[in-house]
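> dropping a prediction and its sequence here:
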Protein chains: 2
Amino acid sequence: MMSEALRGHLDALILAVLETEPLHGYAVMEALQVSSGGALDLPTGSLYPALRRLDRAGLVESEWSTVGGRRRRTYQLTAAGRRALTNERTKWRDFSTMVEGVLRPGSAPA
Amino acid sequence: MMSEALRGHLDALILAVLETEPLHGYAVMEALQVSSGGALDLPTGSLYPALRRLDRAGLVESEWSTVGGRRRRTYQLTAAGRRALTNERTKWRDFSTMVEGVLRPGSAPA
DNA sequence: TCCTACATGTAGCCAAGCTATCTATCGTGG
DNA sequence: CCACGATAGATAGCTTGGCTACATGTAGGA
């Protein structure tokens, strides 16, 4: 849907929903759906690789558990993850300001 | 710099600077630098392929000329290009609203 | 029994922005 | 005179990361 646009911003979104509490993958998916007002319907083929990427980068850490017979891998932010989130928020603000400025109509010449 | 973040948004930015007047490639580059407040320093390896893409998509059309011994290819928006720009603006607004909503801190639970 | 929701994961595709490189003109400074 | 920076255009090939499609398995309801 907004596939191409998401590039480079997904990590920030995932970190953001993990900020308030640890969540397992599927719950991250649902949290993103809710907090995006239904706009973000992330396929599992995007979500799970992204989580592993964040894991490898040391921004989240995971722990396995079994709830109701189903295996869950629960992720929580590391200290580095929280720092990264702060940084991502700043980068987003800069980026969106930049786009807004260019997209705004009427830098009209003579 | 903001390389990955730009993905999927560059076309909109280019269409935007072409809205007020036709420009040749190099001038598009400069216009983007100015209207982004210096934040966007697009390499030619990004710009020229993007312009050709927009051309193939029928969103701009080009015309060759020679000014001061230098060959210029000047691009201007087509009707479809203007429609696309309007559409891109809407899509950007939706996208940024979505990201803003997810990134905003404090969807805190109990 | 079958379908849906829950839950996790991978292989391989593809688009698009980037680096590096190339060509060529013009003006300026050493 | 020559080197260099700004102007002007272009392409080959790399890389990245989100997506499609697929695979696996449990639980619960129709």
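Perfect, thanks for sending it.

> which bits of chain A sit near chain B?
A:2-9, A:12-13, A:16-17, A:19-21, A:32, A:35-37, A:39-40, A:88-89, A:91-92, A:94-96, A:98-109 (C-beta under 8 Å from any C-beta of the partner chain). (Each C-beta comes from the backbone N, C-alpha and C, glycine too.)

> now that we have those, which of them are buried?
A:2, A:5-6, A:8-9, A:12-13, A:16-17, A:19, A:32, A:35-36, A:39-40, A:88-89, A:91-92, A:95-96, A:98-99, A:101-103 (16 or more other C-beta atoms under 10 Å in any protein chain shown).

> hang on, the earlier thing: filter the residues of chain A next to chain B down to the ones near DNA strand C?
Counting by C-beta under 7 Å from any atom of the strand, residue A:4 from those sit close to DNA strand C.

> which members of the residues of chain A next to chain B occur in helices, if any?
Mapping those onto helices (DSSP state H) picks out A:3-6, A:12-13, A:16-17, A:32, A:35, A:88-89, A:91-92, A:94-96, A:98-103.

> pLDDT score for the nearest residue to residue A:7 once chain neighbours are set aside?
Leaving aside its sequence neighbours, residue A:7 sits nearest to residue B:7 (C-beta to C-beta, 6 or more residues apart in numbering or on different chains; 3.4 Å). On the pLDDT scale, residue B:7 is placed at 96.

> got the contact list for residue B:7?
Residue B:7 makes contacts with A:4, A:5, A:7, A:8, as judged by C-beta atoms under 8 Å, 6 or more residues apart in numbering or on different chains.

> for DNA strand C, state which of those is nearest.
Using C-beta to the nearest atom of the strand, residue A:4 is the member of those that lies nearest DNA strand C, at 5.4 Å.

> tell me the contacts of that closest one?
By C-beta under 8 Å, 6+ apart, the contact list for residue A:4 reads B:7, B:8.

> and it, how close does it get to DNA strand D?
8 Å (C-beta to the nearest atom of the strand, to the nearest Å).

> so for that residue, what's the pLDDT?
For residue A:4, the predicted pLDDT is 74.

> list the buried residues of stretch A:48-68.
Across stretch A:48-68, burial judged by 16+ other C-beta under 10 Å covers A:48, A:50, A:51, A:54, A:55, A:59, A:60, A:62.

> out of the residues you listed, list just those in helices.
Secondary structure from DSSP H places A:48, A:50, A:51, A:54, A:55 of the buried residues of stretch A:48-68 in helices.

> what's the nearest residue to the second one if we skip its chain neighbours?
Looking back up the chat, that one is residue A:50. residue A:10 (5.6 Å).

> what's the local residue count around that neighbour?
For residue A:10, the count of nearby residues is 18 (other C-beta atoms under 10 Å in any protein chain shown).

> from DNA strand D, how far off is it?
4 Å.

> next, the contact list for that residue, please.
By C-beta under 8 Å, 6+ apart, the neighbours of residue A:10 are A:42, A:46, A:50.

> does the last one touch residue A:9 like I think?
No: applying C-beta atoms under 8 Å, one finds residue A:50 not in contact with residue A:9, separated by 11.0 Å.

> nothing else from me, thank you.
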